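Novice: I would like the atomic coordinates for the input below:
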Amino acid sequence: MNDRFNTIAGWTLFAGVVALGLSSISAKFFQADKVHRPHEMGYAIEGAETGGGAAAEGPSFNTLLANADVAKGEKLFGKCVSCHTINAGGPNGIGPNLHGVVGEAIGKGAGGFAFSGALSGKGGNWTFDLLNEWLTSPKAFAPGTKMSFAGLGKMEDRANLIAYLNTQGSNLPLPAADAPAAAEEGAAAEGGEAPAEGAAAEAPAAEAAAAPAAH
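Specialist: Model prediction:
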């Protein structure tokens, strides 16, 4: 009886060891113990990462500036009035008077403000692009600057503010909006296509009208 019991117990133990081993092998080769994201999502999950992983690019700075809202820029300038004036001949405050700043020499100013060497040593004039860099992060643009403002994170806000600054004594022409890439590609592709019906007949007539008379 004891021999039979020992035999059954031994086979049971052996079966358990085999089952445990198979489970370990399955987990190692098939990673059955881990949760995997499906290759194709059955439905979209809000906030989940897409396959590309890159955010779609928005309008360029030139495009935003060309279509800037000056009224919104004036409202944004409300964040600056504790340090700056912008009226012609206005006094300097914690920061310089900003009348006519667009196109002005960087770190020089017309009102005798004492700029830091970090800014006055930059050289050149304030262009739209340089003001965009400055307003993104003054400390990154001119390390060591006395400007304590952290910057404006949204490019649209920077474009609106710069457009407003431009109306205050500078009035430089704004850049044209960039042409959409898709439109440019479409135009290039159409360049190799046959002219539309009627265009072939019109082209020679136009060329004949444009050509100078023979002498």
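
Novice: which residues are contacting stretch 76-94?
Specialist: 95-100, 109, 111-113, 149, 152, 157, 160-161, 164-165, 168-169 (Cβ atoms under 8 Å, 6 or more residues apart in numbering). The C-beta positions use only the backbone N, C-alpha and C, and glycine is treated the same way.

Novice: now the buried members of those.
Specialist: Buried members of the contacts of stretch 76-94, scored by 16 or more other Cβ atoms under 10 Å, are 95-100, 109, 113, 149, 152, 157, 160-161, 164-165, 168-169.

Novice: got the contact list for the spatially closest residue to His99 that is not a sequence neighbour?
Specialist: Excluding its sequence neighbours, the residue lying closest to His99 (Cβ to Cβ, 6 or more residues apart in numbering) is Gly169, at 4.3 Å. By Cβ under 8 Å, 6+ apart, Gly169 lies in contact with Ala88, His99, Gly100, Val101.

Novice: could you rerun that using 10 Å?
Specialist: By Cβ atoms under 10 Å, 6 or more residues apart in numbering, the contact list for Gly169 reads Ile86, Asn87, Ala88, Asn97, Leu98, His99, Gly100, Val101, Val102, Gly103, Glu104, Ala110.

Novice: equivalent analysis for Leu98, please.
Specialist: With contacts defined as Cβ under 10 Å, 6+ apart, the neighbours of Leu98 are 77, 80, 83-87, 90, 92, 104, 109, 111, 126, 165, 168-170.

Novice: pLDDT below threshold where in the chain?
Specialist: For the chain, applying pLDDT under 70 flags the ranges 1-7, 9-14, 16-56, 181-215.

Novice: do a quick rundown of the strands in it.
Specialist: With strands called from DSSP state E, the chain shows none.

Novice: skip the chain neighbours and tell me the closest residue to Pro160.
Specialist: Small correction: residue 160 is Asn, not Pro. Nearest non-adjacent residue to Asn160 (Cβ to Cβ, 6+ apart): Gly73, at 3.8 Å.
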